[in-house]
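Peer 1: give the three-dimensional model of this entry:
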Amino acid sequence: MVKVVFDFTLPKTVFVTSMTYTGNLGGLSGADTLCAARASAAGLSGTYLAWLSMGSSSPATRFTQSSGPYGRTDGKEVAADWTALISGSLENAIDVDEFGNAVSTSTLPYVWTNTKAIGGETLATDSPSTCANFASASGANTGKVGAASADDTNWSATGAFVCSVDLHLYCFEQ
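Peer 2: The predicted structure follows:
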């Protein structure tokens, strides 16, 4: 008799929010709450955290670093594991929302991140570049962003927008 062993490492679900938000996210905990609400609205189970950095808190320090794959809600793989996720190159862009729909190109397809694509670490630590620690929608401040349409380093770090602009969040299952 042959014993068959299956390794069913389920992908960690990743999505870009269907809704957009100003830079006043309520800090990291507020952004995590927004991700949890979007996951719940789509019927996704699990704990979701925002791909967002402030000070010494970043996905590299806050996330469970999966040894299994990360996949979008439409079933396409984003990265084989944490190491691949933070390598600067994704298999597929994170441009699908919590419901499995492509992010609209008629709106700004940018995402609040303040996070380096390579390493998943904090990009900027100064308050004016983080929408005052993601607690301000003031047009006097800016926040670092990524591009949901990108599968290179631009997915997480591509520029900055004033904090009064409505942009998406990336949400990762833990």
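Peer 1: and the longest helix for the protein?
Peer 2: Counting by DSSP state H, the longest helix found in the chain is helix 27-41.
Peer 1: packing partners for that one?
Peer 2: For helix 27-41, the elements it packs on are strand 12-16, strand 48-50, helix 131-134, strand 170-173, judged by 3 or more C-beta pairs under 8 Å, 6 or more residues apart in numbering; DSSP states H and E. Every residue, glycine included, has its C-beta placed from N, CA and C.
Peer 1: now the angle between strand 12-16 and it, please.
Peer 2: For helix 27-41 against strand 12-16, the angle by axes from the mean of the first three to the mean of the last three C-alpha atoms, to 10 degrees is 100 degrees.
Peer 1: neighbouring contacts of helix 27-41?
Peer 2: 13, 15, 17-19, 21, 25-26, 45-50, 52, 54, 57, 62, 97-98, 112, 133-135, 169, 171-173 (C-beta atoms under 8 Å, 6 or more residues apart in numbering).
Peer 1: now the buried members of these.
Peer 2: Buried subset of the contacts of helix 27-41 (neighbour count, 16 or more other C-beta atoms under 10 Å): 13, 15, 17-18, 21, 25, 48-50, 52, 54, 62, 97-98, 112, 133-135, 169, 171-173.
Peer 1: in the longest helix of the chain, what's buried?
Peer 2: Buried, per 16+ other C-beta under 10 Å, within helix 27-41: 27-28, 30-32, 34-36, 38-39.
Peer 1: save those as a markdown table, and put in distance to Leu108 and pLDDT too.
Peer 2: Shown next, in a markdown table, are these (distance: C-beta to C-beta, whole Å; pLDDT from 0 to 100):
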| residue | distance to Leu108 | pLDDT |
| --- | --- | --- |
| Gly27 | 22 | 97 |
| Leu28 | 22 | 97 |
| Gly30 | 20 | 98 |
| Ala31 | 17 | 98 |
| Asp32 | 22 | 98 |
| Leu34 | 17 | 98 |
| Cys35 | 19 | 98 |
| Ala36 | 23 | 98 |
| Arg38 | 18 | 98 |
| Ala39 | 22 | 98 |
